[in-house]
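Trainee: Provided below are the primary sequence and the corresponding predicted coordinates.
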Amino acid sequence: MTILQILITHRHHDHIGGIPAILPLFPNCSVHKFPPSLSSDRSITPITNNQTFTVPGATLRAIHTPGHTEDHVCFHLEEEDALFTGDNVLGQGTPVFEDLNTYVSSLNLMKTLFKGRAYPGHGPVIEDGKARVDEYMRHRQKRELEVLTVLDDLYPENEGMGVTAMDIVKVVYKEYPANLHTAAERGVRQILDKLESEGKVVKGNAERWRVKVWHAASL
């Protein structure tokens, strides 16, 4: 077996950490990754959006799909109409993301790219990949609606002060162990930031929030 090219979905160590062990074994192998991170590494060849890679029997097109990370790409396998989804869509569970607005935009793009399987960066192959992307989008919409509803319910009791992200976590994630609430707070903050950019919530002093205007149908 000879490896001639390595295509990287994003910069996280569990996706790039094995490269130093592979390159000495295959000195003619080239490594490709979307900028900006690692762009100063001369051993990395930058991927451009919609760039195509071909080998006998397979054609891969790289699509920039940020959200999980800024440099994240998916690869469309044309022969199967399948998508290598990296960490934007997983075989099990849901991923973390750096920016929720950007991540949702990428999910919207991904569902237009293919109709076949999804090959995730972690977990088993997903036979109906597009259905999983739709499931992820519904999950995100459900979480946004939960945050808006809880914020609207809590605000009258805290009028003039607003509601913190942790206040919301303690309601939305009340069935989860308390030691997981700090991690959940990060996700709620990202939801609140997205809702703020859409004009649905307002952030006041001391990271306290209130509903500005929202309609469930608009979600």
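Mentor: Arrived safely.
Trainee: My guess is A82 contacts L113. True?
Mentor: No - at 9.8 Å, A82 does not count as touching L113 under the criterion of C-beta atoms under 8 Å. The way it works is simple: take the backbone N, C-alpha and C, and place the C-beta from them, glycine included.
Trainee: so what sits against both of the two?
Mentor: H76 (C-beta atoms under 8 Å, 6 or more residues apart in numbering).
Trainee: contacts for stretch 53-61?
Mentor: Here stretch 53-61 makes contact (C-beta under 8 Å, 6+ apart) with 4-5, 7, 32, 50-52, 62, 75-79, 84.
Trainee: do that again at 7 Å, thanks
Mentor: The contact list for stretch 53-61 (C-beta atoms under 7 Å, 6 or more residues apart in numbering) reads Q5, L7, N50, T52, F75, H76, L77, E78, E79.
Trainee: Can I get the buried part of these as one ChimeraX selection?
Mentor: Remark: buried members of the contacts of stretch 53-61, expressed as a ChimeraX selection using 16 or more other C-beta atoms under 10 Å:
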select :7,75,76,77
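Trainee: Just the closest of the contacts of stretch 53-61 to Q141, please.
Mentor: H76 (25.1 Å; C-beta to C-beta).
Trainee: In three-state terms, label the closest one for me.
Mentor: Following DSSP: H, G, I helix; E, B strand; the rest coil, we place H76 in the strand state.
Trainee: Next: K130.
Mentor: Taking three-state DSSP as the rule, one finds K130 in the helix state.
Trainee: Can you get me a residue count around it?
Mentor: K130 has 19 neighbouring residues, counting by other C-beta atoms under 10 Å.
Trainee: What residues does it make contact with?
Mentor: K130 makes contact with K111, F114, K115, according to C-beta under 7 Å, 6+ apart.
Trainee: Who are the contact partners of the first one?
Mentor: What that stands for is K111. Going by C-beta under 7 Å, 6+ apart, K111 touches K130, V133, D134.
Trainee: Quick check on the residue nearest to the second one when sequence neighbours are not counted: phi, psi?
Mentor: The shortest distance from V133 to any non-neighbouring residue, by C-beta to C-beta, 6 or more residues apart in numbering, is to K111 (4.4 Å). Per-residue torsions, K111: phi -70, psi -10 (degrees, to the nearest 10).
Trainee: any idea how far K111 lies from T59?
Mentor: Distance from K111 to T59, counting by C-beta to C-beta, to the nearest Å: 21 Å.
Trainee: Kindly report the same for K174.
Mentor: From K174 to T59 the distance is 49 Å (C-beta to C-beta).
Trainee: Over to S197?
Mentor: Counting by C-beta to C-beta - S197 and T59 are separated by 37 Å.
Trainee: For the longest strand along the chain, buried residues please.
Mentor: In the chain, with assignment by DSSP state E, the single longest strand is strand 58-64. Using 16+ other C-beta under 10 Å as the test for burial, strand 58-64 gives L60, R61, A62, I63, H64.
Trainee: For the spatially most central residue of the chain, what are phi and psi?
Mentor: In the chain, the C-alpha nearest the mean C-alpha coordinate belongs to H68, at 3.5 Å (C-alpha atoms, centre = their mean). With angles defined as degrees, to the nearest 10, H68 sits at phi -60, psi -50.
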